[in-house]
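# A structural model of the following input is requested.
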Amino acid sequence: MRDPEFFMRRYAPVTTRLAFFDISAAAVAEAVFDRDKEMTERWELPWKVKKVPIESNLAGKLHALLPLSSVRASKLLLSATRSNWSAYIPNGYPLGDIHGEPSFFAEKLKVRTLSIVLSEDVPKKQVGSFQFVLRDARSGPVKTRSVELHKESRWQFRQYGDPLPFEDVEQYRAKKLKDRLTVDMVERYCSHLGIELFDPDFYAGEGHIIHSYPPPNSVFYSEYPNQKQAGPVTAS
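Below you'll find the model as predicted:
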């Protein structure tokens with residue numbers, strides 16, 4: 001059942017920065033695990049990378065990402081969905097990169113990846129960034145289509161690549177910049193790709209948590225900020 005509140009508030013900001021891969025969650029988890037293990041061994045880091053299966057609904061999978069981690073994500077969820085896509089959800093807070101690994105693995109695995117950002121300054125609810133970035137490496141070099149609306153001191157709208165057939169390109173000419181890309185538009189674009197973005201039941205099936213360890217100066221948060229005013233905690 002469609003539940004935008006679940007994503008836009010209850011589990012934000014983790015669920016407002018998502019990526020998707022058009023291969024199985026198990027395949028993505030294995031690729032990420034292998035890459036992280038290789039990096040830790042090459043750099044002789046004092047971290048042990050683990051891959052742990054999880055069977056639960058989406059809420060349970062998201063709770064397995066706690067504690068949230070600053071500096072860099074310490075846990076990553078790869079979840080099956082009721083489609084050919086798998087979901088990629090890192091536990092970085094308050095900020096987190098949702099473009100780096102999807103871009104890297106699009107080329108490495110020769111697949112499509114999608115990154116979306118529907119970002120608010122949780123829990124202040126000050127809109128910051130909307131992004132829709134589709135990469136396609138199935139038949140050669142990565143082809144990227146991105147549409148982004150971002151606010152720091154002021155709104156900025158930009159796009160790159162050829163528009164997709166389902167895009168509402170007329171809306172990109174809206175007089176108010178903040179109207180050129182909306183939550184509803186991103187949700188609709190995802191639906192055209194077979195992704196039911198705001199339906200928790202869509203994220204059913206197998207899950208995998210990749211555990212790595214962030215730098216020593218990381219801060220950890222025991223709860224999602226809109227469920228509890230979380231303060232920093234020491235990681236176990």
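
# the helices in the chain, which residues?
Residue ranges of the helices in the chain, as given by DSSP state H, are 4-5, 25-42, 58-63, 100-109, 183-192.

# As CSV, the ones you listed with mean neighbour count would be great.
C-beta: built from backbone N, CA, C; applies to glycine. What follows is those, written out as CSV (neighbours: other C-beta atoms under 10 Å):
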stretch, mean neighbour count
helix 4-5, 14
helix 25-42, 17
helix 58-63, 18
helix 100-109, 18
helix 183-192, 16
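
# how about a markdown table for these, with distance to Pro216 added?
Output for these, formatted as a markdown table (distance: least, C-beta to C-beta, whole Å):
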| stretch | distance to Pro216 |
| --- | --- |
| helix 4-5 | 36 |
| helix 25-42 | 15 |
| helix 58-63 | 25 |
| helix 100-109 | 21 |
| helix 183-192 | 36 |
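
# Distance to Glu206 and mean pLDDT for these - can I get that in JSON lines?
Output for the helices of the chain, formatted as JSON lines (distance: least, C-beta to C-beta, whole Å; pLDDT from 0 to 100):
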{"stretch": "helix 4-5", "distance to Glu206": "25", "mean pLDDT": "96"}
{"stretch": "helix 25-42", "distance to Glu206": "6", "mean pLDDT": "94"}
{"stretch": "helix 58-63", "distance to Glu206": "10", "mean pLDDT": "98"}
{"stretch": "helix 100-109", "distance to Glu206": "18", "mean pLDDT": "95"}
{"stretch": "helix 183-192", "distance to Glu206": "21", "mean pLDDT": "97"}
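
# These: which one's closest to Asn84?
Taking C-beta to C-beta, helix 25-42 is the member of these nearest to Asn84, at 11.0 Å.

# Could you find the closest non-adjacent residue to Ser146?
Val133 (4.3 Å; C-beta to C-beta, 6 or more residues apart in numbering).

# so who does the one you found touch?
99, 114-116, 144-148 (C-beta atoms under 8 Å, 6 or more residues apart in numbering).

# now do Ile209
51-52, 54, 61, 64-65, 75-78.

# 10 Å instead?
Ile209 makes contact with 29, 50-54, 61, 64-65, 75-79, 89, 91, according to C-beta atoms under 10 Å, 6 or more residues apart in numbering.

# Name the nearest residue to it, sequence neighbours excluded.
Val52 (4.8 Å).

# Tell me where this protein has strands.
For the chain, the strands defined by DSSP state E cover 17-21, 50-54, 68-69, 75-80, 86-90, 112-120, 127-136, 143-151, 155-160, 207-211, 220-221, 232-233.

# Using JSON lines, lay out these together with mean pLDDT.
Shown next, in JSON lines, are these (pLDDT from 0 to 100):
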{"stretch": "strand 17-21", "mean pLDDT": "97"}
{"stretch": "strand 50-54", "mean pLDDT": "96"}
{"stretch": "strand 68-69", "mean pLDDT": "93"}
{"stretch": "strand 75-80", "mean pLDDT": "97"}
{"stretch": "strand 86-90", "mean pLDDT": "98"}
{"stretch": "strand 112-120", "mean pLDDT": "94"}
{"stretch": "strand 127-136", "mean pLDDT": "93"}
{"stretch": "strand 143-151", "mean pLDDT": "95"}
{"stretch": "strand 155-160", "mean pLDDT": "94"}
{"stretch": "strand 207-211", "mean pLDDT": "97"}
{"stretch": "strand 220-221", "mean pLDDT": "92"}
{"stretch": "strand 232-233", "mean pLDDT": "51"}
